[in-house]
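Visitor: Structure, please.
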Amino acid sequence: MTTVHTSSIQSLPLLARGKVRDNYAVGEDRILMVASDRLSAFDVIMGEPIPGKGVILTQMALWWFDRLGHLCPNHLTGEAPESVVAPAEVPQVKDRSMLVKRLKPIPVEAVVRGYLAGSGWKEYQEGRSVCGVPLPEGLGNASQLPRPIFTPAAKAAAGAHDENISYERVVEVVGPALAQQIRDVSIAIYETAAAIALGKGMIIADTKFEFGLDDAGTLVLMDEVLTPDSSRYWPIEGYQSALAAGTNPPSYDKQFVRDWLEGVRINGKPWDKTPPAPRLPAEVIEKTAAKYRECLQRLTG
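Guide: Next comes the predicted model:
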């Protein structure tokens, strides 16, 4: 398997490089999305790739798209990504790319939370609510919520942090009808996926979806879906004891890298979370790669 930190497809015009994906224009109406092996933590891209990560993210997204089509159309064209690049470039795109429809992106991250974690837990402690959604007293870190909640975020420019926003703000951005459709579809997808994952011994604590509109104005699920990069996956083993202790449950995402970065010292000082990132040791790279592999195997095995 080819490891790809940064793809270089000369046969197509580059549209944009994101934290993980490199997007290339295919004519006027399609995009080749290449999932690299880059890892970002605290919105900083690490210098070292995580071998196999882009392939795992793509295979997982395709697995989920396959199971969610009845809830919302997605951006896949069904065509082979290898068919639009030069023969010499095929190893860079094989198994790690999607050939998708070009849509008008909606500038809102559709975040759904079924459990209190991360920034949601911080916000709850301050005011018993998340993104303006009131929650009952007495919840702890990693508690399951009475029902999943929609807690949108505004997409930030590259290098900046996405910012939690209220549902009212979404209505201002996209209008009431589309805002309600995004919220309802997002919660339906989350509930369906969470039930499937639970059957495989995994909890999806929270996730984020991205949507676009096609030429007919239809809402379409796009980008990646339900990967460990866009979702917090916890194995059910260890969840109850973490909940009882008030600690973060073990996870399948890049929490492992984040924890290492929080503890690292550069000239005796903590890393300030600005580029350049500290060099990841081989053991952290391998353990992270193993986490991604295990998540895919558990889900699809």
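Visitor: gap between the helix ranked longest in the chain and the chain center?
Guide: Determined from DSSP state H, the single longest helix within the chain is helix 176-199. Here the centre of helix 176-199 is set off from its chain's centre by 15 Å, with Cα atoms, centre = their mean, to the nearest Å.
Visitor: ditto for stretch 281-301
Guide: That offset, for stretch 281-301, works out to 16 Å (Cα atoms, centre = their mean).
Visitor: Tell me, how many residues neighbour Gly52?
Guide: 20 (other Cβ atoms under 10 Å). From N, CA and C alone the C-beta is placed, and that goes for glycine too.
Visitor: so what's the spatially closest residue to Val174 that is not a sequence neighbour up against?
Guide: With Cβ to Cβ, 6 or more residues apart in numbering as the criterion, Val174 has its nearest non-adjacent residue at 6.1 Å, and that residue is Ile106. When contacts are counted by Cβ atoms under 8 Å, 6 or more residues apart in numbering, Ile106 touches Val174, Leu178, Ile182, Glu210, Phe211, Gly212, Leu213.
Visitor: As a markdown table, those with distance to Arg279 and neighbour count would be great.
Guide: Formatted as a markdown table, those follow (distance: Cβ to Cβ, whole Å; neighbours: other Cβ atoms under 10 Å):
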| residue | distance to Arg279 | neighbour count |
| --- | --- | --- |
| Val174 | 42 | 18 |
| Leu178 | 44 | 18 |
| Ile182 | 40 | 22 |
| Glu210 | 31 | 20 |
| Phe211 | 37 | 25 |
| Gly212 | 37 | 18 |
| Leu213 | 42 | 16 |
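Visitor: Taking the residues you listed together, which two end up most distant?
Guide: Leu178 and Glu210 (14.1 Å; Cβ to Cβ).
Visitor: For the stretch 151-300 of the chain, just list every one of the helices.
Guide: Shown for the stretch 151-300 of the chain, the helices assigned by DSSP state H, counting those that start in this stretch span residues 167-174, 176-199, 239-245, 255-263, 282-300.
Visitor: Could you dump those into TSV with distance to Trp121 and mean pLDDT added?
Guide: Formatted as TSV, the helices of the stretch 151-300 of the chain follow (distance: least, Cβ to Cβ, whole Å; pLDDT from 0 to 100):
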stretch	distance to Trp121	mean pLDDT
helix 167-174	20	95
helix 176-199	18	98
helix 239-245	12	97
helix 255-263	14	88
helix 282-300	21	95
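Visitor: Now that we have those, can you turn them into TSV and tack on distance to Leu15?
Guide: Formatted as TSV, the helices of the stretch 151-300 of the chain follow (distance: least, Cβ to Cβ, whole Å):
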stretch	distance to Leu15
helix 167-174	23
helix 176-199	24
helix 239-245	40
helix 255-263	27
helix 282-300	26
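Visitor: Which of the ones you listed sits closest to Gly217?
Guide: helix 176-199 (9.0 Å).
Visitor: quick one: strands adjacent to the longest strand seen in the chain?
Guide: Ranked by number of residues, the top strand in the chain under DSSP state E is strand 202-213. Note on strand 202-213: by DSSP bridges, its sheet partners are strand 104-105 (antiparallel), strand 108-115 (antiparallel), strand 219-222 (antiparallel), strand 231-235 (antiparallel).
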